[in-house]
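> Here is a sequence together with a model predicted from it:
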Protein chains: 2
Amino acid sequence: MSGPVLALVGATGAVGTVMIDIINRRESVPWGEIRLVASARSAGKKITVRGDELTVVELTPEAFDGVDVAMFDVPDEVSAEWAPVAAARGAVAVDNSGAFRMDPEVPLVVPEVNADATATRPKGIIANPNCTTLSMMAALGALHREFGLRELVVASYQAASGGGQAAIDRLYGEVQALAGKQVGLRAGDVREVLEAAGLPVSDSPFPAPLALNVVPWAGSLKDDGWTSEELKVRNESRKILGIPDLKVSATCVRVPVVTTHSLAVHATFEREVTVGEAHEIFEAQPTIVLVDDPAEKRFPTPADVVGEDPTYVGRVRQALDFPNTLDFFVCGDNLRKGAALNTYEIAEELVGRL
Amino acid sequence: MSGPVLALVGATGAVGTVMIDIINRRESVPWGEIRLVASARSAGKKITVRGDELTVVELTPEAFDGVDVAMFDVPDEVSAEWAPVAAARGAVAVDNSGAFRMDPEVPLVVPEVNADATATRPKGIIANPNCTTLSMMAALGALHREFGLRELVVASYQAASGGGQAAIDRLYGEVQALAGKQVGLRAGDVREVLEAAGLPVSDSPFPAPLALNVVPWAGSLKDDGWTSEELKVRNESRKILGIPDLKVSATCVRVPVVTTHSLAVHATFEREVTVGEAHEIFEAQPTIVLVDDPAEKRFPTPADVVGEDPTYVGRVRQALDFPNTLDFFVCGDNLRKGAALNTYEIAEELVGRL
């Protein structure tokens, strides 16, 4: 087979598994070879990719020999160490961790918004945005091109799987423990039932019960009460959209949903935007599905969007009291477009630019 | 016993039941008599109130004879018909329905914000606000007094019980049907499991699955894609706070929580507000509990607030890019302060003003 060589680092992890599913479902791929890379513990494992049984190889400098594009779906510290190694061996590293996103020498890319940014990559590294930011980028990018985005107020409804498999298992465990119980009626009764079921909150990846609850916390504490997740929404939106002075306030809230992040977006533009104009723009964007027929109670919900590649947009309203402002609701699968899919789309984008 | 006569119309309903609990837990009450009123179907039922077994009387004009304050916890159309009857018989009607909230001759009251509005009641009727609006009024009222509120962008996380007992039962039913299943991973799988369990979404009070999902819809469709609930947040906030030109955008979203509404609030004031000043104001307000220590992962969540009377406030942050603006998160029990408690507090407020 001819064509560039693609490496997938973290092939056996949660996002890596979704990545292989995405590669398997692609009608065609441009790669001459696909190489699966993981830690020593997973090396030797066999995984079928597009009909070929591949053996996972260990993450070593030599694993990148001959590789053109190396996608990294691994923790920050692994990316921080190994993406430069891949780049030094001549690969372009496409990194899905937070290690390089705000590095001024690393482009942060959403292909339908800023594909051209992939051309300038002084470190040989391209970063994939945080999943929460990504969920609204296709919609905001399309509107920004026409109307000039100025301000953004966002509240998130983030799925458990943003916290990995342990977080998913925790949510399922809590749902099972609470099923059949009349809880959520008295302060602390959810905690009590979880404790009695051997699921004290102290053992949870979340700082409070998540089932039958919402938790206004995601990420770690940064300055002045802001979370890392809220600052990512602000700083990554500015970088991807190329608006260094974009005004952003985000409140990030975890909800008892397995997968698919949702966002309530209040976006102010330089020029007036009608609902009809916004609908036309969303309908013209191949990576967006518009579901906005409130008379028929049609709008996006996570349960109807999970597993899908596009971003779903609905509840588009022109703000009644704020000029040039739209309110809308978006849902995007945080493991697909929010992680693996966008990384893979960057890799595809690179094929013509190697 | 001396003292004014209080009637409770809708004594056997969901909010009426919470109301009786509130009256029973009060240290003392100013009422010479408490009269329980309900439809003919419930008349004759016996309910113990503060140690006395009371017999529910049927809703007739005569039921209001001698009544000083009549609290209505009934559907809009029942209030629309009967609150004027009570007023005509000399009672002050305190109505928890939506029938009179935006009537310019009916004050809309949150006692800690605008108690004085109870003095002017040309129709003999006082309205209790919608539960979503109410959840943030204590906090916004206190900040407004000091800093002058100008703009409000709100996203809600609304509990099922806002839709009554059928909505609560539906959520419990969905949780039970989904427990032990690996759902929420593929578009439509939650719907399929519910259908297989005899719980098709077509039978639900919600327009989509609620368990393991969020639903960006509450209320009915109004002009230009806005919901009745979103317009209530706007219009009732303006009326209660006495700011006719307050700029408001709200997105109302139902979440799989049994009881207690939460709101992510982005509030802009005439003057600068620091987090420290906001904390001081919240701590000085007896109907607010401040839970805001993110280093210790302390912030309000619905599961820890349900059943409590105060509004809980946390995650207070000064906006990084918007002048004079705070972002914060509030939780309030939608059946207590959001409904029965505020109605009862209005009734108590009236004792000195009859």
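Here it is on my side, so go on. Note that the coordinates shown come from a computational prediction; the quantities given were computed from them, not determined experimentally.
> Send over stretch A:288-302 as PDB, restricted to the C-alpha atoms.
What follows is stretch A:288-302, C-alpha atoms only, in PDB (Å, rounded to 0.1, in the frame of the first residue of the first chain):
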ATOM      1  CA  ILE A 288     -23.800  20.600  11.800                       C
ATOM      2  CA  VAL A 289     -27.300  19.100  12.000                       C
ATOM      3  CA  LEU A 290     -30.000  21.700  12.700                       C
ATOM      4  CA  VAL A 291     -32.900  20.300  14.800                       C
ATOM      5  CA  ASP A 292     -35.000  23.400  15.600                       C
ATOM      6  CA  ASP A 293     -38.800  23.000  15.200                       C
ATOM      7  CA  PRO A 294     -40.100  23.800  18.700                       C
ATOM      8  CA  ALA A 295     -43.800  23.600  17.500                       C
ATOM      9  CA  GLU A 296     -43.100  19.900  17.000                       C
ATOM     10  CA  LYS A 297     -40.900  19.700  20.200                       C
ATOM     11  CA  ARG A 298     -37.900  19.000  18.100                       C
ATOM     12  CA  PHE A 299     -34.600  20.100  19.500                       C
ATOM     13  CA  PRO A 300     -31.300  18.300  20.200                       C
ATOM     14  CA  THR A 301     -30.900  16.200  23.400                       C
ATOM     15  CA  PRO A 302     -27.800  14.200  24.400                       C
END
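> which parts of it are buried?
Neighbour-count burial for stretch A:288-302 flags A:288, A:289, A:290, A:291, A:292, A:294, A:299, A:300, A:301, A:302 (criterion: 16 or more other Cβ atoms under 10 Å in any protein chain shown). C-beta coordinates here come from the backbone N, C-alpha and C atoms, glycine included.
> Wondering if that stretch reaches chain B at all.
Yes: among the residues of stretch A:288-302, A:292, A:294, A:295, A:297, A:299, A:300, A:301, A:302 lie within reach of chain B under Cβ under 8 Å from any Cβ of the partner chain.
> number of nearby residues for the residue nearest to the last one when sequence neighbours are not counted?
This points to residue A:302. Among residues not flanking residue A:302 along the chain, residue A:260 sits closest, at 3.6 Å (Cβ to Cβ, 6 or more residues apart in numbering or on different chains). Neighbours of residue A:260 under the rule other Cβ atoms under 10 Å in any protein chain shown: 35.
> Can you redo the residues of stretch A:288-302 next to chain B as JSON lines, where the extra columns are secondary structure and distance to residue A:343?
What follows is the residues of stretch A:288-302 next to chain B, written out as JSON lines (DSSP: H, G, I helix; E, B strand; the rest coil; distance: Cβ to Cβ, whole Å):
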{"residue": "A:292", "secondary structure": "coil", "distance to residue A:343": "29"}
{"residue": "A:294", "secondary structure": "helix", "distance to residue A:343": "34"}
{"residue": "A:295", "secondary structure": "helix", "distance to residue A:343": "38"}
{"residue": "A:297", "secondary structure": "coil", "distance to residue A:343": "35"}
{"residue": "A:299", "secondary structure": "coil", "distance to residue A:343": "28"}
{"residue": "A:300", "secondary structure": "coil", "distance to residue A:343": "23"}
{"residue": "A:301", "secondary structure": "coil", "distance to residue A:343": "26"}
{"residue": "A:302", "secondary structure": "helix", "distance to residue A:343": "21"}
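> ok, back up a step: can you pull the contacts of the residue nearest to residue A:302?
Residues in contact with residue A:260 (Cβ atoms under 8 Å, 6 or more residues apart in numbering or on different chains) are A:159, A:302, A:303, A:305, A:306, A:331, A:332, A:333, A:334, B:184.
> Excluding residues flanking it in the chain, which one is nearest the last one?
Right, the one you point to is residue B:184. Of all residues beyond its chain neighbours, the one nearest residue B:184 is residue A:258 (3.1 Å), with distances taken as Cβ to Cβ, 6+ apart.
> quick one: low-confidence ranges for the stretch 1-150 of chain A?
Where the stretch 1-150 of chain A drops to pLDDT under 70, the residues are A:1.
> number of nearby residues for residue A:6?
As a burial measure, residue A:6 scores 26 neighbours (other Cβ under 10 Å).
> cool, and residue A:122?
By the measure other Cβ under 10 Å, the count of residues near residue A:122 is 10.
> For the closest residue to it other than its chain neighbours, grab phi and psi.
Spatial nearest neighbour of residue A:122, chain neighbours left out: residue A:105 (4.6 Å); criterion: Cβ to Cβ, 6+ apart. Main-chain torsions, residue A:105, degrees, to the nearest 10: phi -90, psi 10.
> separation between residue A:105 and residue A:25?
34 Å (Cβ to Cβ, to the nearest Å).
> now swap in residue A:328 and tell me
29 Å.
> start to end distance for stretch A:244-252?
Length of stretch A:244-252, first residue to last, Cα to Cα, to the nearest Å: 21 Å.
> what's in contact with that stretch?
By Cβ under 8 Å, 6+ apart, the list of residues contacting stretch A:244-252 reads A:132, A:149-156, A:158, A:216-219, A:227, A:229-230, A:233-234, A:237-238, B:155, B:264, B:266, B:315, B:319-322, B:325, B:327, B:329.
> More neighbours: which of residue A:328 and residue A:25?
Comparing residue A:328 with residue A:25 by other Cβ under 10 Å, the one with more neighbours is residue A:328, at 28 against 9.
> Who are the contact partners of the residue nearest to the more buried one when sequence neighbours are not counted?
Excluding its sequence neighbours, the residue lying closest to residue A:328 (Cβ to Cβ, 6+ apart) is residue A:316, at 4.5 Å. Contacts of residue A:316 were listed using Cβ under 8 Å, 6+ apart, and they are A:275, A:278, A:279, A:282, A:292, A:326, A:327, A:328, B:225.
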